[in-house]
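Visitor: with the input below, show me the fold.
(2 chains)
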Amino acid sequence: MDFDLMINSIPKLLDAALITLKLLSASLLFGLFVGLFFAILRMNKNIFINKFAYGYSYVFRGTPLLVQIFIIYFGLGQIEYLRSSFLWVILKEPYWCAIIAFTLNTGAYTSEILRSAFQTIKPGLIEAGKSLGISNKIIFYKIQIPIAIRQSLPAYGNEIILMMKGTSLASTVTLMDITGVAKYIISTTFKPIEVFIVAGGIYLFMTFLIHNLIKYLEKKYSFQ
Amino acid sequence: MELLAFGKTGWGDELFYATLMTIAVSITAMLIGFLFALIFTPLKLSKYKSLNLIGNFYTTVIRGVPELLVIYLFFFGGSGAIMYVASIFGYFEYIEINAFITGSMAIGIISGAYSTEVFRGAIQSIDKGQFEAAKVLGVSKFAQFYKIILPQMLRLAIPNLSNVWQITLKDTSLISVTGLVEIMRQSYIAAGSTRDPLFFYSFAAVLYLLLTYLSMKLINKLEVKYSRGY
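Guide: You can find the predicted model right below:
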């Protein structure tokens, strides 16, 4: 055990943790909107809209995240039209490519979580709202959404942890997040176990924090 | 389309073998995962606190740390660890483990942590009366597990195991970083030499979709088989 290396690598890995957190929070924030959008499309009665939303979540849940990042980072640059458009400013940055890939990926999972949450809302609650003369829009925003959020908290907590682990793939497109820095230190010092303990410890600490945050929220928004 | 031709002119046969490699790694990893689950599930269900702790440590650490980090640990640390063990037995030559074994071990350990949780959940949801009835009838511990608990447990576990299988299958794409030629690595090579990454990575995505789709069909059949009588 090389304790000096472990202590020396802590500040470097903590710096990298900042990038991991940035990637995670950005993709979760955007992903929540994408997920909500597609969850609403899934509940649409029109079969084409419905199938489109289903297809989106099926494709993104059925393929590895690595493929999705590579398609966006290496693949999209190949299209001439995109290279000359304003979108290229975003797509040439690995940072934004990673965020786009993570957003679309977590959006697919989130849409499934929210859809099942919406479907488990008792029809009586909506009927009660209707009979009180509340408009459909307000029923959706004030009754369905708060209940759906509460219902989906445990599953969404898992999704946050999965996404946190997913951000490690950003290291494959040259970003120096925790895993990227850890790999760099390992390949220069050839001490995999020490670096793994420190980097893994940081990840576990983050998992621990997320887990407790979700637990706290679950308690706060429970029905009792 | 000519890019996908079989033979020397296209990448069809290479991608075909790469797909077989992905399937082989996934199945090996899944089986290694079952082995780990076989060891750690009893630990998690044990009466002794210290054994519980070991089981919980395994599943918590592996499920809380990114897969890629675990793969790097095995890729860089694998041969070192083996050489250390070998040196205890007096063997000091350089040992290189091939990428298939390191990859399946790494993915297997990850998949094992998920399988352990699935089996623990399935065993815990079997009615206590079943265990007691077996005891009262004087059934041996061995027969109790294989003839009474296992068949009931499998019915409950299969839907969740199918999720573990999907995760394992998708995780195998990560071992491409160690140089094992599976779908992802082969697409990377093909994309590099033809300068057509969009096509090859999209094709890789289609291959993965096909694999998940077909395995779902297969697992659904198993599910029907094991839920006979319910």
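
Visitor: shouldn't B:Q144 be in contact with B:E132?
Guide: No - using C-beta atoms under 8 Å, B:Q144 makes no contact with B:E132, being 10.6 Å away. Every C-beta, even on glycine, is put in place using the N, C-alpha and C of the backbone.

Visitor: tell me which of those two has more neighbours.
Guide: A direct count of neighbours by other C-beta atoms under 10 Å in any protein chain shown for B:Q144 and B:E132 places B:Q144 higher, at 17 against 10.

Visitor: state the pLDDT value of the more buried one.
Guide: Predicted confidence (pLDDT) for B:Q144: 86.

Visitor: ranges for the helices of the chain?
Guide: I'll assume chain A. With DSSP state H, the ranges of helices along chain A come out as A:3-42, A:47-62, A:65-70, A:80-84, A:88-91, A:94-119, A:123-131, A:136-138, A:145-166, A:178-189, A:192-220.

Visitor: actually chain B
Guide: B:12-45, B:49-64, B:67-88, B:99-124, B:128-136, B:141-143, B:150-171, B:183-194, B:197-226.

Visitor: let's have these in a markdown table, adding distance to chain A.
Guide: A markdown table is the format used below for the helices of chain B (distance: least, C-beta to the nearest C-beta, whole Å):
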| stretch | distance to chain A |
| --- | --- |
| helix B:12-45 | 10 |
| helix B:49-64 | 4 |
| helix B:67-88 | 4 |
| helix B:99-124 | 10 |
| helix B:128-136 | 26 |
| helix B:141-143 | 35 |
| helix B:150-171 | 4 |
| helix B:183-194 | 6 |
| helix B:197-226 | 4 |
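
Visitor: for A:G55, find the nearest of the ones you listed.
Guide: Distance to A:G55, taken as C-beta to C-beta, is lowest for helix B:197-226 among the helices of chain B, at 10.6 Å.

Visitor: buried set for that closest one?
Guide: By neighbour count on 16 or more other C-beta atoms under 10 Å in any protein chain shown, the buried set for helix B:197-226 is B:197-205, B:207-209, B:211-212, B:215, B:219, B:226.

Visitor: distance between that helix and the chain's centre?
Guide: 16 Å (C-alpha atoms, centre = their mean, to the nearest Å).

Visitor: ok, now stretch B:112-129?
Guide: The answer for stretch B:112-129 is 17 Å, by C-alpha atoms, centre = their mean.

Visitor: could I have it exported to PDB, CA atoms only?
Guide: Coordinates of each C-alpha in stretch B:112-129 appear next as PDB, following Å, rounded to 0.1, in the frame of the first residue of the first chain:
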ATOM      1  CA  GLY B 112     -23.000 -10.700  -9.200                       C
ATOM      2  CA  ALA B 113     -23.800  -7.700  -6.900                       C
ATOM      3  CA  TYR B 114     -27.100  -7.100  -8.700                       C
ATOM      4  CA  SER B 115     -27.900 -10.900  -8.800                       C
ATOM      5  CA  THR B 116     -27.200 -11.100  -5.100                       C
ATOM      6  CA  GLU B 117     -29.800  -8.500  -4.400                       C
ATOM      7  CA  VAL B 118     -32.300 -10.200  -6.600                       C
ATOM      8  CA  PHE B 119     -31.900 -13.600  -5.000                       C
ATOM      9  CA  ARG B 120     -32.000 -12.100  -1.500                       C
ATOM     10  CA  GLY B 121     -35.300 -10.400  -2.300                       C
ATOM     11  CA  ALA B 122     -36.700 -13.500  -3.900                       C
ATOM     12  CA  ILE B 123     -35.800 -15.800  -0.900                       C
ATOM     13  CA  GLN B 124     -37.100 -13.300   1.600                       C
ATOM     14  CA  SER B 125     -40.500 -13.100  -0.100                       C
ATOM     15  CA  ILE B 126     -41.100 -16.800   0.100                       C
ATOM     16  CA  ASP B 127     -43.600 -17.600   2.800                       C
ATOM     17  CA  LYS B 128     -42.000 -18.700   6.100                       C
ATOM     18  CA  GLY B 129     -44.400 -21.500   6.300                       C
END
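
Visitor: buried ones in that stretch?
Guide: In stretch B:112-129, counting by 16+ other C-beta under 10 Å, buried: B:112-120, B:122-123.

Visitor: pLDDT of that stretch, averaged?
Guide: The average pLDDT within stretch B:112-129 is 91.

Visitor: just to revisit the earlier point, can you put the buried residues of stretch B:112-129 in TSV and add distance to B:P42?
Guide: Output for the buried residues of stretch B:112-129, formatted as TSV (distance: C-beta to C-beta, whole Å):
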residue	distance to B:P42
B:G112	13
B:A113	15
B:Y114	17
B:S115	13
B:T116	10
B:E117	14
B:V118	14
B:F119	9
B:R120	10
B:A122	13
B:I123	9
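
Visitor: tell me if the worst-scoring helix or strand of chain A on mean pLDDT is near chain B.
Guide: For chain A, counting by mean pLDDT, DSSP states H and E, helix A:80-84 ranks last in confidence among helices and strands (a mean of 80). No - Helix A:80-84 is not in contact with chain B by C-beta under 8 Å from any C-beta of the partner chain; minimum separation 10.3 Å.

Visitor: low pLDDT regions in the chain?
Guide: As the question left the chain open, I've gone with chain A. In the predicted model of chain A, residues A:223-224 satisfy pLDDT under 70.

Visitor: could you do chain B instead?
Guide: Using pLDDT under 70, chain B drops low at B:1-2, B:230.

Visitor: repeat the analysis, applying 80 as the threshold.
Guide: Along chain B, the parts satisfying pLDDT under 80 run over B:1-10, B:78-83, B:90-97, B:226-230.

Visitor: burial of A:Y109, as a residue count?
Guide: By the criterion of other C-beta under 10 Å, A:Y109 has 20 neighbours.

Visitor: and for B:I158?
Guide: 20.

Visitor: any idea how far the closest residue to it other than its chain neighbours lies from B:G112?
Guide: Spatially, and ignoring its direct neighbours in sequence, B:I158 is nearest to B:E223 (5.2 Å; C-beta to C-beta, 6 or more residues apart in numbering or on different chains). Using C-beta to C-beta, to the nearest Å, one obtains 22 Å as the distance from B:E223 to B:G112.

Visitor: spit out the contact partners of B:F92.
Guide: Contacts for B:F92 (C-beta atoms under 8 Å, 6 or more residues apart in numbering or on different chains) come out as B:A86.

Visitor: what's near enough to touch the residue nearest to B:I219 when sequence neighbours are not counted?
Guide: Excluding the flanking residues, the one nearest B:I219 by C-beta to C-beta, 6+ apart is B:S162, at 4.3 Å. Neighbouring residues of B:S162 by C-beta under 8 Å, 6+ apart: B:215-216, B:219, B:223.

Visitor: wait, doesn't the residue nearest to B:I158 sit right on B:N160?
Guide: No - the pair B:E223 / B:N160 is not scored as a contact, 11.0 Å apart, by C-beta under 8 Å.

Visitor: how far away is B:Y146 from B:Q152?
Guide: Taking C-beta to C-beta, one finds B:Y146 at 11 Å from B:Q152.
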